[in-house]
Structure formats: C-alpha cells, structure tokens
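> All I have is the shape, not the residue letters:
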C-alpha cells in the first residue's frame, strides 16, 4: 500500500488531495477532524480556560465529600440539585481569578517557600516525624496528581492565601457595633404562661350535610389529589429472571467448595484482660486470683491502679494478638490464663463465654447458593436481552410488542404519583428497585418513552408515560370522613383561640394570670431567663411568642399560636446583658470578625471576576456533565 502510494505520489491528482488533507489538518487540527473536541471548555476566566475534565473531577470530589451524609448514596443528578455542580464550577472560577489577581499584583511564590510547605506537611512525614519523599509521591499519586501538578496547585493555593489574608487581616470589629449588638442579643427575660390546647375543647358537634359540602368547597386545597401519571413499563430485573434459571447440583457443590470460607463460622470467646508492665506484678495478681480475688479489682489490689480490666468482647482466635490467642482459646468459660508476655506487657486473660465454630452444611446454604448463581447468570443474560429489546424499539416496535417478542411482561399502571403511590395512597407494588424509576417517570413527557435505564441492582427498565393526570379535587363521597375531621379540628382550634383570647383580655384588664389560670383549671408554668433568640426558653414558648415578649414591658401580656393550641404569657422581668462576661463578648467579636472577613472576601472575589471577566458555557456543561448520569 505504501509502495503504491509512493509510486503515485508524482500524480497531480494525489498532490492536490494530499494538499487539501494537510490544509484541513492545519486549519482544524487532527483531533477535531477525527474525534471532535475531546475536552471542551466549560468556562473561561480572563486568559485561563476551565475544561470539562477539570469540572468533572472537581464535581466528583464534591460528591465523594458529601456522599457520607447521604448514606453513601448520592448520584450526580441529586448532587446537581443540591448545588454541588455549581459549587465545583465556581470553586474553579475563583481559583482562576485569584491566580490572575495574584499575578496582577506581583505576588510570587518562591521555590524555597514551596519546598518549606511540602516538608512541613504532616501527611508527608514518616513515623519519626521526618519528611519522606516516598510518602510524598505515594500520597499525591493516590490523589491522582503528578508532582508537577501538586506543586502548581500548592503555588496557586499559597498565592490565594496571601492575597485573601491581605484583604481580611485588619477586619476588626468596632466597639460601636459590638457593644450594642452584645447587649441586644444577651438581654434576658422571664415570663409565666398558660397553654390552651385544641384537644381541651371537647364539645364541638357534628356538621350537617350543607356544612360538610361548604367546607369541602371552601377548603378545596386540603382535599386535592396529587398529579398522577399513567405509565407502562418493562422491568428487566435479574432477581425475577433468576427464578427461572436452573442450576445443576454439581455446580452448586463446586460453588460451595469455592466459598467454604464464607460458610465457616469461627469459634469465638468473650474476653476480658488486664495488662501489667512488670512480670512480678502480673504473677502476684495471678496468685491472688487463684486465692479468690476479683478479676476486675486485682490490679488495684496489687497496687497498680493503671492496670484496669478491659472487656474485649467476642473475638475469634485470629482477632487476638498471637501471643495470647492460643492460650485464651484453650480456656473453658471462667478460666484465667497465667501471665503471658507480649510487646504490650504481661497479660492476664479471662474467658467469660464461648461459642464453638462450625461449617454450615451444603444443605443449609443450598438455597442461598442457587439464588446467587442464578442472579449472576441472569445479570449477564439481562445485558444482552436489554440490547435486543432496545433494538426492537429502535426498529419501530412499541413497548408492548417488544416485550412480547422477548417473552417479557409490559406492566401498565393506571395512576401513580411522585411518591410511587396509587390513588388509594398505598405504594404501588412491583416497581423497579431504587429511586431512578420515579425520577425517570417524572422527567419523561406525556406520550414519550424513556431511555433504557440501569438500576442499582444491575437490571434495566424502560417506560412510557401514557397520560399525565393533573391534580384535581377529590370527590366529597371519597373524602367525606376527612372533611368532617378537618371541620372538627378547625372548630376546636377556633374555640381554643377564643378561650385564649378571653384569658388575654382578662389579664389586660388587670387580673392576675395565676388567678385566671386557677379559675380556668389550667397549669401556670414559668419560663425563666431566656434570650431574644430563645436560648433557655421553656418548651411552651414558641419563637413567635418570644419575639412578642421582647416587645413588651413587665406586666404586659401576649398570645401566640402553637402546633397544638395557643399560649398566653405575661412578661415578669427584664435582665440586661452581663457587661463583665468577657468570654461571651470575645466569642461574639470573633464571630462578627469572621462575618466581616467573609463579606470583604466575597466583595473582593466579585471585583476580581468583574476585572478579568467570566464566561460560562452552560450548553457544554449540560452536554458533558448533566447528561453523564
């Protein structure tokens, strides 16, 4: 082929073709011609470009950092909804603007300072506390960074630190701000109050038909059915397909032999121990134990209070240190070893319980083995089946037709809401596992099919939204009992409010709250020394009532609603903030200082963004990151 090309190279036709090819490479670039732009720009800050891979890596780091708060289950879509993608993007933008700002102001980080920072980083030190180049390379490698990349990252970080420190270093809190704010926040008040609950109203009656109908109509928002969707779906679940998989007995037995360790229950001992530093002390303790001394107190008995008994709980022989493991497992319940030496000292070990080890028989785990093998086989088959099913849909088949072609079941749900519940409020059974099904259902338009979507358990599903049923008022016949109950609740609340208002009016006319409470057979409670933000307030004082009490003078009364009724309170006294509480004042000064520093830094960051200009390519972000789920 090459020889033929050389022979024809003198042809004017070949020369023109080669010339056009070379010109296209020069104009467009080789990568763009064959592959498109592999790592497109998602944002630009001045002259610095932020590419898709950078944002993707930063986004992934944010997800990994927050995942433990979600039980380890935080997918990209959920992370985007809670703002982690924006956080990652603006983190990269701010890093870029500070890099440009540092360069603009002539802030340079020397190699000497870089070396000093690396050598002083605790993560790069060995057990002797010395900087270890091997540990340094291992740590940065485990974080997917090259040595050069880490140094550049560190240089940018130090430059940003010096620049931001220069902005916030003198963010002092003036006394004209601190003193009045301290007095305002730390003023304390006390009050006495009574609570009138809705449940205390017992006589409310039963509404007539006209009242029920009127209440249903005037409070329609309380009796609305949610939006429902009619959905047809096919669920390729490995657990379901596994039910029809036959597993030969010889395969089950081979799997049993291969996994015998999984079915081996190790013997365990419940262990307590005391560790002594000296052999002589351990021997004296051992002698005392043979004479009947208490194991838990023998350390103190021999004059060694630091030798306390420690309960190690249930352990296998492998979980004990080798020096004491064999002797411990040779003991019967209640037995105590002789002094045994280890690197930790001299041990006395007592066994307080034992469980024999054994191997589960083949028949005990037969069903478990069959299910795991069948599910694994079904999972492999499902991938191929999913591709064939998708090909049938691409060929024009409906979900129902494609399901019949591949002996699958197309399931139709007449009505399902965003929580996976039907019209009766009961969860719909038989849905694909995980939350992905409901998310996909809600994001799929009416009369359209979703993409074939993988589940967390290795299966697939595909759905079609047949109809979107908008929210509607439930018929009175369906919610009659709910309407009556709601009417009665409203009547109770109205009666409780009227009773509380009557109590408030009596107090305002000069009656004593204690006397009124006694007459009304209510309990008078005290709320002592609470602050404006409710610190120290009794449970009966809501934030709204606390706010109201801070607008009153001693002897004045106020009323507020609670979750189950109303509270009437009288302000007793006012106590000013402790002017000598230096610690509390210093804490407030520090908190205000941090707030001022954050404000200054936020304004400075905004100014840098405006100075250098920020461009964000939202289309690329959506195409490259939001589509990657």
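That came through, no problem. Here the structure is a predicted model, which is why all the values come from computation and not from measurement.
> what sits against residue 462?
Neighbour list for residue 462: 233, 234, 389, 390, 393, 399, 449, 450, 451, 452, 453 [criterion: C-beta atoms under 8 Å, 6 or more residues apart in numbering]. C-betas here are computed from N, CA, C, even on glycine.
> Walk me through the regions of this structure where pLDDT falls short of the threshold, as ranges.
By pLDDT under 70, the low-scoring segments of the chain are 1-38, 71-73, 305-306, 536, 538, 624-629.
> picking up where we left off before, which members of the contacts of residue 462 occur in helices, if any?
Taking DSSP state H, the ones among those that sit in helices are 389, 390, 393, 399.
> how far away is the last one from residue 467?
Meaning residue 399. 15 Å (C-beta to C-beta, to the nearest Å).
> So the two - more neighbours on which side?
More crowded of residue 399 and residue 467, by other C-beta atoms under 10 Å: residue 399, with 21 against 12.
> ok, that one - contacts?
Residue 399 neighbours (C-beta under 8 Å, 6+ apart): 232, 233, 234, 393, 410, 449, 462, 463, 464.
> so the fourth one makes contact with residue 450?
Translated: residue 393. No. Counting by C-beta atoms under 8 Å, residue 393 sits too far from residue 450 to count as a contact (10.8 Å).
> quick revisit: could you dump the contacts of residue 399 into JSON lines with distance to residue 605 added?
Below are the contacts of residue 399 laid out as JSON lines (distance: C-beta to C-beta, whole Å):
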{"residue": "232", "distance to residue 605": "51"}
{"residue": "233", "distance to residue 605": "47"}
{"residue": "234", "distance to residue 605": "50"}
{"residue": "393", "distance to residue 605": "49"}
{"residue": "410", "distance to residue 605": "54"}
{"residue": "449", "distance to residue 605": "45"}
{"residue": "462", "distance to residue 605": "46"}
{"residue": "463", "distance to residue 605": "45"}
{"residue": "464", "distance to residue 605": "48"}
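> Most neighbours among those, which one?
Neighbour max across these (other C-beta under 10 Å) = residue 463, 26 neighbours.
> what pairs with that residue across the strands?
Residue 463 has these beta-bridge partners by DSSP bridges: residue 233.
> Can you tell me which of the contacts of residue 399 comes closest to residue 426?
Using C-beta to C-beta, residue 233 comes nearest to residue 426 of those, at 18.5 Å.
> Can you name the residues that contact the closest one?
For residue 233, the contact set (C-beta under 8 Å, 6+ apart) comprises 399, 410, 411, 413, 432, 437, 461, 462, 463, 464.
> Quick check: closest non-adjacent residue to the fifth one.
Which is residue 432. In space, and not counting its chain neighbours, residue 432 is closest to residue 461: 4.3 Å by C-beta to C-beta, 6 or more residues apart in numbering.
> which SSE is that neighbour in?
Taking DSSP states H and E as the criterion, residue 461 maps to strand 460-469.
> now do residue 193
strand 188-197.
> How far off centre is the strand holding residue 461?
Remark: strand 460-469 is offset 29 Å from the chain centroid, using C-alpha atoms, centre = their mean, to the nearest Å.
> Tell me which helix or strand comes right after it.
Sequence-wise, the next helix or strand downstream of strand 460-469 (DSSP H and E) is strand 472-473.
> between the contacts of residue 233, which is nearest residue 549?
With C-beta to C-beta as the yardstick, the closest approach to residue 549 among those comes from residue 437, at 50.5 Å.
> so what's that closest one up against?
If you count contacts by C-beta under 8 Å, 6+ apart, then residue 437 has 233, 420, 431, 453, 455, 461, 463 around it.
> any idea how far residue 363 is from residue 247?
To residue 363, residue 247 is 15 Å away according to C-beta to C-beta.
> Looking at these two, which one has more neighbours?
residue 247 (17 against 7).
> Which secondary structure state does the more buried one sit in?
Counting by DSSP: H, G, I helix; E, B strand; the rest coil, the backbone at residue 247 sits in coil.
> Surely it and residue 370 touch.
Yes. Residue 247 is within contact range of residue 370, at 5.0 Å (criterion: C-beta under 8 Å).
> and which of the contacts of residue 399 is nearest residue 90?
Residue 90 lies nearest to residue 463 out of those, by C-beta to C-beta, at 35.5 Å.
> which ones are touching the closest one?
Listed by C-beta under 8 Å, 6+ apart, the contact partners of residue 463 are 231, 232, 233, 234, 399, 437, 440, 441, 444, 449, 450.
> Also residue 103?
Residues near residue 103 by C-beta under 8 Å, 6+ apart: none.
> And it, how close does it get to residue 612?
As judged by C-beta to C-beta, residue 103 and residue 612 stand 10 Å apart.
> How about residue 243?
62 Å.
> do residue 470 as well
48 Å.
> Give me the more crowded residue out of those two.
Shown here are residue 470 and residue 612; by other C-beta under 10 Å, residue 612 has more neighbours (19 against 8).
> and the more buried one, what does it touch?
45, 46, 96, 97, 100, 101.
> Return the subset of those lying in strands.
Filtering the contacts of residue 612 for membership in strands, criterion DSSP state E, returns residue 45.
> Select from the contacts of residue 612 the one having the most neighbours.
Busiest of the contacts of residue 612 [other C-beta under 10 Å] is residue 97, holding 25 neighbours.
> three-state assignment of the residue lying closest to that one once chain neighbours are set aside?
With C-beta to C-beta, 6+ apart as the criterion, residue 97 has its nearest non-adjacent residue at 4.1 Å, and that residue is residue 608. Recorded secondary structure, residue 608: helix (three-state DSSP).
> Please report how far residue 608 lies from residue 171.
The value you get for residue 608 to residue 171, if C-beta to C-beta is used, is 18 Å.
> cool, and residue 324?
For residue 324 relative to residue 171 (C-beta to C-beta), the value is 58 Å.
> more crowded one of those two?
More neighbours surround residue 324 than the other of residue 324 and residue 171, with 20 against 16 (other C-beta under 10 Å).
> Check the secondary structure at the more buried one for me.
helix.
> Please look at it and residue 346 and confirm they touch.
No. Applying C-beta under 8 Å, one finds residue 324 not in contact with residue 346, separated by 10.4 Å.
> Show me where the stretch 351-500 of the chain has its helices.
Here the stretch 351-500 of the chain has its helices, by DSSP state H, counting those that start in this stretch, at 362-394, 399-405, 436-443, 476-508.
> What of the stretch 201-350 of the chain?
209-218, 238-241, 249-258, 279-290, 298-301, 322-329.
> hang on, residue 546 is in a helix, isn't it?
Yes. Checked against three-state DSSP, residue 546 lies within a helix.
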